[in-house]
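>>> One predicted model, sequence on top.
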Amino acid sequence: MSELLAVEGLQVRFGPGTGGTGAVHAVRDVGFSVAAGECLALVGESGSGKSTVARALLGLAGAGARTSARTLRVAGRDATGFRARDWRGVRGRVVGLVAQDALVSLDPLRRIGAEVAEPMRLHRTVDRSLIGARVVELLRRVGVPDPQARAAQYPHELSGGLRQRALIASALAAGPGLLIADEPTTALDVTVQAQILDLLAGAKEEGTGLLLISHDLGVVARIADRTAVLREGSVVETGPTPGLLAAPRHPYTRALLEASVLRAPVRAPLRTGTVLEVDSVSLAYGARTAVRDVSFVLRAGETVGLVGESGSGKSTVARLATGLLRPRAGRVRLGGEPWSELPERLRRPRRSRIQLIQQDPYGAFDPRFTVSWIIAEGIPRHEDRAARTLELLGLVGLGPEHLRRRPDQLSGGQRQRVAIARALAPSPAVLVCDEPVSALDASVQAQILDLLDDLRQRLGTALLFVSHDLAVVRRMSHRVLVMKDAEVVEEGTAEEVFDAPRHPYTKSLLAAVLTPGTNAAPAVR
């Protein structure tokens, strides 16, 4: 197999003066190679340096980054001395990048079709007269329903999963020989995840090299030939994927594998009292129905899980519950009082009672503000904001060193933890969690789930938990609603839905779950 990428001695530092006070040594002496038709996976905790490595390989480490390498060859070319013009000729045509944050990576002012077409126009890989048809075909290949109509839409009109699929289509558009995929299936439900992994596996069989960055060891087991484990910017273990996952040598690798198996779900007694009522709500965008006649109640200390494919209406239900969207029909009540039908000026004093942990934390933050400001903004004025901010950071596994950082200086997982801390700041009665752990590695994911469950039990906080990760939903939920095509097709206790599913769609979701050692049902013990 021909070598597509070779790197030795990769170093990335951020901050003042090389080695100076405040400098962050993010990547330390990293080396690996990727051949045509091969997939190498980089795994590790959030903040371990995975995404920094990926971006450094394309000259995209960011402002203030100092990057060096003894060897960096891309498709046989020495890239250690590349200038900006050289990199522009490589990105998209030679190496494609599927970035982690789809909402940020897609231009909000450009339609999806234009986004996917840009690499073909820029690198002139397809005749102009054929670009439109090629865009539709690419969107169809990555599982976008009604691709012609979706090509005419803007990113904000798509669900998180559909945006991620559009980003993958754009990365594949110019036919690169090497694809760097940074958490390419994080926002996708299990059925579409399987479709995307089949697509990537097919590209690999045709000779495309893959550098896969993922915290999902089930995905790694499914597609990666070799795996390198990163910890604090250094590779601590590498080897063929089956052997590494079956018999890891390094204690850190063993800890990652142990954390990927979620513990048994907690079934603590529920508190009485309904805190949220969603009664027959419906919503449409033009001719497209986003939510149709959805109803449920949420009691204090209860978690209701909401699952379904990307685009099924889960996130729309979350936004209807929080009052960010107004239903076309039906109503939402918060704490037994009207909510959805009120004007915003009457809802505003009660907004602290219900908080949203969003799917795309980077898009939810003002990039000008520091972590300290983002969190403190939600803390009531009568509290000691500095002390409370530090307390919240500790709760989500971050420290004082993160206070002065801005969103673009955090990893995807760190941004998600800041989003959770921000939502907890006003001590809400209801937390609406829209994919709250989708960007987190297994060990931090377990920490956050334990935190949310502890808050639920100690404070009686109610959780509406929206996720495509069925193992996580089973771990957290008392009751589960399954959505398909804007409707609830099945509901019941977590045990009823997962152990004895009635609807064929629910059965297909469970059958598609990946785990590190098998393609069988969710690894919930």
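Nice, thanks for sending it over. Note that the structure is predicted; figures quoted are calculated from it, not measured. Numbering: from 1, shown residues only.

>>> hmm, who's touching stretch 367-375?
365-366, 389, 392-393, 398, 402-408, 410, 418, 421-422, 425 (C-beta atoms under 8 Å, 6 or more residues apart in numbering). Backbone N, C-alpha and C define where each C-beta goes, glycine included.

>>> So for that stretch, mean pLDDT?
For stretch 367-375, the mean pLDDT works out to 94.

>>> which parts of that stretch are buried?
370-372, 374-375 (16 or more other C-beta atoms under 10 Å).

>>> hang on, isn't residue 230 packed against residue 46?
No: taking contacts as C-beta atoms under 8 Å, residue 230 lies outside contact range of residue 46: 11.0 Å.

>>> Among these two, which residue is more densely surrounded?
Neighbours were tallied for residue 230 and for residue 46 using other C-beta atoms under 10 Å; the higher tally belongs to residue 230 (25 against 22).

>>> Roughly how far does that one sit from residue 387?
34 Å (C-beta to C-beta, to the nearest Å).

>>> do the same with residue 445
27 Å.

>>> ok, the two, which is more surrounded?
residue 445 (25 against 10).

>>> and that one, what does it touch?
Contacts of residue 445 by C-beta under 8 Å, 6+ apart are 215, 259, 437, 472.

>>> show me where pLDDT drops low in the chain?
1, 16-22, 101-103, 187, 261-271, 439, 515, 517-525 (pLDDT under 70).

>>> can I see the domain layout of it?
Using automatic domain parsing, the domains assigned to the chain come out as 3-110+177-259, 274-364+428-511.

>>> quick revisit: farthest-apart pair in the buried residues of stretch 367-375, please.
Within those, two members stand farthest from each other by C-beta to C-beta: 370 and 375, at 9.3 Å.

>>> Who are the contact partners of residue 64?
14-15.

>>> helices and strands around the host helix or strand of residue 490, which ones?
For residue 490, the host element (DSSP states H and E) is strand 487-493. For strand 487-493, the elements it packs on are strand 288-299, strand 479-484, helix 504-511, judged by 3 or more C-beta pairs under 8 Å, 6 or more residues apart in numbering; DSSP states H and E.

>>> just the ones you listed: most buried one?
strand 479-484 (a mean of 24; mean count of other C-beta atoms under 10 Å).

>>> returning to what we had before: make CSV from the buried residues of stretch 367-375 and add distance to residue 497 and secondary structure to it.
CSV is the format used below for the buried residues of stretch 367-375 (distance: C-beta to C-beta, whole Å; DSSP: H, G, I helix; E, B strand; the rest coil):
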residue, distance to residue 497, secondary structure
370, 42, coil
371, 37, helix
372, 41, helix
374, 36, helix
375, 35, helix
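
>>> With respect to residue 139, which of the residues you listed is nearest?
Once C-beta to C-beta is applied, the member of the buried residues of stretch 367-375 that ends up nearest residue 139 is residue 374, at 34.5 Å.

>>> Following element in sequence after the longest helix belonging to the chain, please.
The longest helix of the chain (DSSP state H) is helix 442-459. Per DSSP H and E, the first helix or strand lying C-terminal to helix 442-459 is strand 462-466.

>>> Can you give me the buried ones in that following strand?
462-466.

>>> and if you look at stretch 144-158?
For stretch 144-158, using 16+ other C-beta under 10 Å, the buried residues are 144, 147, 150-151, 153, 155, 158.

>>> Also stretch 80-97?
Taking 16+ other C-beta under 10 Å as the criterion, stretch 80-97 shows 82, 87, 90-97 as buried.

>>> quick one: contacts of that stretch?
5, 54, 57-60, 69, 71-72, 74-75, 79, 119, 122-123, 125, 171-180, 182.

>>> Mark which of these are part of strands, please.
5, 71-72, 74, 178-180, 182 (DSSP state E).

>>> Could you write out the alpha-carbon coordinates of the strand holding residue 490 in CSV?
Extracted in CSV, the C-alpha atoms of strand 487-493 (Å, rounded to 0.1, in the frame of the first residue of the first chain):
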residue,chain,number,x,y,z
GLU,A,487,-44.3,11.3,15.7
VAL,A,488,-44.0,9.2,18.8
VAL,A,489,-44.2,5.6,17.7
GLU,A,490,-43.5,3.9,21.0
GLU,A,491,-43.3,4.8,24.6
GLY,A,492,-42.9,3.0,27.9
THR,A,493,-40.5,2.4,30.8
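
>>> Would you indicate which residues of whichever helix or strand comes after that strand are buried?
Downstream of strand 487-493, the first helix or strand assigned by DSSP H and E is helix 494-499. By neighbour count on 16+ other C-beta under 10 Å, the buried set for helix 494-499 is 494, 497-498.

>>> now the residue lying farthest from the centre of the chain: how far from residue 481?
Of all residues in the chain, residue 129 has its C-alpha farthest from the mean position, at 35.3 Å, by C-alpha atoms, centre = their mean. Applying C-beta to C-beta, the value for residue 129 to residue 481 is 47 Å.

>>> for residue 260, same thing?
Taken as C-beta to C-beta, the span from residue 260 to residue 481 is 26 Å.

>>> same thing with residue 108?
31 Å.

>>> and if you look at residue 248?
Taking C-beta to C-beta, one finds residue 248 at 37 Å from residue 481.

>>> for residue 420, same thing?
In terms of C-beta to C-beta, residue 420 sits 22 Å off from residue 481.

>>> cool, residue 252 as well?
Counting by C-beta to C-beta, the gap from residue 252 to residue 481 is 38 Å.
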